Each structure stands twice: as structure tokens, then as C-alpha cells.
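*Asks:* Could you work out the structure for the sequence below:
(one chain, ligands or ions: 1)
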Amino acid sequence: MLGSTITAIATPPGSGGIGIIRISGPQALSVLQQIFRPGRPNCRFTPRHLYLGHATTPDGEEIDQVMAVYMPAPHSYTGEDVAEIQCHGGYVVCQEVLAAALAAGASPAEPGEFTSRAFINGKMSLDQAEAVIDIIEAKSSEALKISARQLSGSLSRDITNTADALLDLLAQLEVAVDYPEETDEAALADSTHTAISNALDNVRRLLAQARSGRYYREGVLTAIIGPPNAGKSTLLNALLERERSIVTPIAGTTRDTVEEYYLLNGLPLRLVDTAGIRDTDDPVERFGVERSRQALADADLILLLLDGSRPLDAFWRDLLLAHRHRPLLVILNKSDLPVDAATTAELAALCPDAPLLTLSARTGGGMEELRRAVWDKLLLNASGESLSGLINDRQKAALLAAEDALIAADQHFELFFDAGLLSIDVQTAWQALAEISGRAAAEDVIDRVFQRFCLGK
Ligand code: GDP
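*Replies:* Below is the predicted model of the structure:
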């Protein structure tokens, strides 16, 4: 409830150098004064100054030596009066300082409540709040960089500029509906056409970034598949440059999937080394095979690894044919051994458009070409540098709704110019875009965003 004063431990549970207890709301200063005894008398809590002293219970019982800071509204994270106490980073000490803040009149914060208050108080838009989650969960420094850019408002600005242009158009269309006799229809038709196609371009540019956004946020699910003994585990180890999968010459050693993160130019790849996909009677191995099939079905990228020194069998030829229209790289391993020329020729005929990669996972020859081929295959038309943010599913759905409405507007425009009809489409597109920043988001959408937060954020 806005208006109340909330508190929570902002640092993760466990032991650490410091723990932070955060207090936000109109009573923040009063709560702080009841549970913080400054080292020097007559402390006036100059805003944003750090004070050394002791955290105590409201009855004056000492808990720990701490630092405290007071940040009055509106210049704080939540936009409300905020106080923070930095105590030693132990579980018990943090809990005791928290209990003292509660005893002094604060109530426990819900997960994400500090950030949701920041949103409600206009300190950030909804997509900026989502960037906070992405920063906390960043899987690479590149992902962090993009999320930090989003938090500073790059995506909001992109969206707001497009939405504002639509709002201007909407105003012109409504005037034309109300005062048709004062409207220069040819000029309005012209500016309507320009505004709709500009907005459509912008929305499509952002939609093109959505796939990269998911890749940077969740990682690219990359399934390494291939017959037993092709060298899948060796390849995973060669990429990770350490021993992770057990490499043996016995077929079926990797009984379950092995998953590892690998950073390719800052892009996290979720590498899954699958157990050989094949028919088996062994119940344990069958479980692994099932998991491998799932990884293959879900994969964003398939690395089909074959032993280049052996003939291609029918099972893998069929599998290749079944998946050749998906993002797939065919890799012939063991290039340090004599190559089976028939296999190479057959593969070239099966996938004439796909480059055939040859490498030796054992010696490392050809690994650089593989890395380059993976990057090219993912068609990352937008590099991390040019992304406005890590577009998530909620934002993508809103962008798609905006795109639909703008396409409808464009089609209506082509048929005949009707300001009233067009204003409905433009209004729908504006509404969808305004949902992204939260300007026009329904309460349950907002609630769903903040449910993803952790306590104390
Ligand atoms: P997996 O069953 O596909 O995971 O295959 P492994 O990675 O366990 O490798 C099977 C065998 O092939 C092991 O003896 C590896 O040392 C060997 N191997 C893997 N890669 C190469 C390679 O590039 N060249 C050669 N000569 N042997 C390799």
C-alpha cells in the first residue's frame, strides 16, 4: 500500500562483507532515528551523507556497528524518503536490524515493491523496471551493458518517440473528424501515410531486436548432436577449454545431457552435449536419449557433429534431412584423421546451401571457423552495441499488437482515406506501445512484471 513505510533486507541471504537494510516511505527518517545511534551527537542526517554509528532495537539495545544514510524524496530510488543501514553481512545481524526496523513501525516489503514504488512515483518506466531484473540476472557483461542502457531509458525513448508521433497523428485525425470542412484532406493523407510508415519501420526495427534480446537474456540453446563417439564431449571441452564432459572411446558414455554456458563475443550460448540420440534398451540411457531429443526440438541452434573418418549412416542422414531448414551447422570432426571422401560428397549434396565445417576437436584445428560460423548462423543482424534493450516477451507481444494495428491502418489507408476509421487503428497502435513503458498498462500486467522481482529490490 502506497503511503506506508516498507523495509526489507536488500542484499542476498548468507555471509558477506556488508548487508543492507532498506527503508522507504514517509516514516523512513523516523524509523531510522529510532534504530540508529550516531557515533557523534546531534546528527542532523544531511541527505545522502554516510554516518557511522550503531544499529539498536527501538529500546536502545545495541545490535551492530553500522553506517546509515538518508535520502529524502524525491531524490531516491523509490522517489520516497529512503533510509539505508549497512551492517555486517551476516544472516542473524541482518535479520535483527530488519526486526528493529519493523518494531519501529515499518512493514515488510513485498518482492519488487521498492521498484514498483519507483515506477508508480514516475522514477522509471515499466521497461526500465524490467531492465533492473535483467541487470540482476545478466549472464554476460554484454547483456549487462545492454540492460544498463535500457535502464538509462534507451528503449523507453525509442518507444516514446514512436508513440508520441502516433499521438500527434491521432490529434490531427480527430480534428479532421470533428471539423471536416476545415481540413486539407490531401495534406492530411500525406502526413498520415508518412507517420504510419515511419511508425511501422520503428516497430519492425525493434521487433528485429527481440530475438537478440532473448538470446542475450536466456542464452542461445545450442544442441550438440551426433552419433556416439563422433566427438561431442571433446568438442564441448574444446569450446570450454577445460574438461567437463567425460571423454571415452566407449559409445554411450554421456548418458544424460550436459549443459554449460559459453560466451561467444559476449553472447551466452547454452551448450547442451546430448547423449547419443539412438535406439537403446538401457533404461538409464533411454532417459538421456529422451532429454537429447527434447534439446534437439527446443534448440535455437543445432550443431550436428559427425565423424568425418566414417561413412554416414541412414539414421543421421534422415535426421539431417528432417532438420536442415532449422538453424543447423554440419560439422565433420576428426579432420586430423583421413577423411571419408564419400561422406563429404554426400553431405555436400544433401545440404548444398550449408557450409560444411571440418575441424578436429582433439587438436583444436578449425575451432575459430566454427565460432565464426555459429555467429553468422544466428544472424545477429543487431550487435549488442546497437540494441536499445533486451526486449522481453511482454514487450514483444505489445510490439506485435502495434505492428498489426499499423498494418491495418496502412491497408485502410490504401482503400480510401477515412479519418475516423484510421484513428481507431492508430489509437490501438498507440495503446500497445504505451503498454511497454507502462503509460497505459493494465494493473494485472504491472503486477505480473513486479512478481518477477526478488525481495528487497
Ligand atoms: P561423443 O560420444 O560424441 O561425446 O565422443 P567423445 O567426445 O567421447 O569422443 C569419442 C572418441 O573420439 C574419444 O576417444 C576421443 O578422444 C575421440 N576424438 C574426439 N575428437 C577427435 C578428433 O578430433 N580427432 C580424433 N582423432 N579423435 C577424436
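*Asks:* Which stretches in the stretch 51-200 of the chain count as strands?
*Replies:* 62-71, 82-89, 107-108 (DSSP state E, counting those that start in this stretch).
*Asks:* how does this protein divide up, domain by domain?
*Replies:* Residue ranges for the domains of the chain, per automatic domain parsing: 6-124, 130-215+389-451, 217-378.
*Asks:* which of the strands of the stretch 51-200 of the chain sits most buried?
*Replies:* Looking across these with neighbours counted as mean count of other CB atoms under 10 Å, the highest average goes to strand 82-89: a mean of 23. (Each C-beta comes from the backbone N, C-alpha and C, glycine too.)
*Asks:* Any chance you could list what contacts it?
*Replies:* The contact list for strand 82-89 (CB atoms under 8 Å, 6 or more residues apart in numbering) reads 10-11, 15-24, 28-29, 31-32, 35-36, 55, 63-71, 73, 76, 93-94, 97, 101.
*Asks:* State the helix or strand in which residue 449 lies.
*Replies:* Take DSSP states H and E as the rule and residue 449 turns out to sit in helix 443-451.
*Asks:* tell me how far that helix is from the chain's mean position?
*Replies:* Distance, stretch centre to chain centre, for helix 443-451: 17 Å (CA atoms, centre = their mean, to the nearest Å).
*Asks:* Can you mark which positions in it are buried?
*Replies:* For helix 443-451, a neighbour-count test (16 or more other CB atoms under 10 Å) marks 446, 449-450 as buried.
*Asks:* how about that helix as CSV, C-alpha atoms only?
*Replies:* The C-alpha coordinates for helix 443-451 follow below in CSV (Å, rounded to 0.1, in the frame of the first residue of the first chain):
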residue,chain,number,x,y,z
GLU,A,443,-2.9,-3.3,-13.4
ASP,A,444,-2.5,-7.0,-13.8
VAL,A,445,0.2,-6.5,-16.4
ILE,A,446,2.1,-4.3,-14.0
ASP,A,447,1.6,-6.8,-11.1
ARG,A,448,3.0,-9.6,-13.3
VAL,A,449,6.1,-7.5,-14.1
PHE,A,450,6.9,-6.9,-10.4
GLN,A,451,6.2,-10.5,-9.4
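*Asks:* Quick one: the helices in the stretch 201-350 of the chain, in order.
*Replies:* Using DSSP state H, counting those that start in this stretch, the helices of the stretch 201-350 of the chain run over 232-240, 283-298, 314-323, 341-350.
*Asks:* Identify whichever of those helices lies nearest to residue 266.
*Replies:* Proximity to residue 266 (CB to CB) singles out helix 232-240 among those, at 15.3 Å.
*Asks:* ok, now how distant is the closest residue in space to residue 158 that isn't next to it in sequence from residue 261?
*Replies:* Nearest non-adjacent residue to residue 158, counting by CB to CB, 6 or more residues apart in numbering: residue 388, 4.8 Å away. To residue 261, residue 388 is 25 Å away according to CB to CB, to the nearest Å.
*Asks:* Between these two, tell me which one has more neighbours.
*Replies:* residue 388 (21 against 12; other CB atoms under 10 Å).
*Asks:* contacting residues around that one?
*Replies:* For residue 388, the contacting residues are 149-150, 154-155, 157-158, 206, 209, by CB under 8 Å, 6+ apart.
*Asks:* what about residue 390, how many neighbours?
*Replies:* Count around residue 390 with other CB under 10 Å applied: 30.
*Asks:* so where's this protein uncertain?
*Replies:* For the chain, the stretches flagged by pLDDT under 70 are 1-2, 242-258, 275-288, 379-385.
*Asks:* Nearest to the spatial middle of this protein, which residue is it?
*Replies:* Closest residue to the average C-alpha location of the chain: residue 217 at 3.3 Å, with CA atoms, centre = their mean.
*Asks:* can you tell me which residues contact that residue?
*Replies:* Counted by CB under 8 Å, 6+ apart, residue 217 has contacts 134, 137, 139, 143, 390, 392.
*Asks:* quick one: it and the ligand, what's the gap?
*Replies:* Computed with CB to the nearest ligand atom, to the nearest Å, the distance linking residue 217 and the ligand is 29 Å.
*Asks:* Three-state assignment for the closest residue to residue 234 other than its chain neighbours, please.
*Replies:* Leaving aside its sequence neighbours, residue 234 sits nearest to residue 361 (CB to CB, 6+ apart; 4.1 Å). Judged by DSSP: H, G, I helix; E, B strand; the rest coil, the three-state class of residue 361 is coil.
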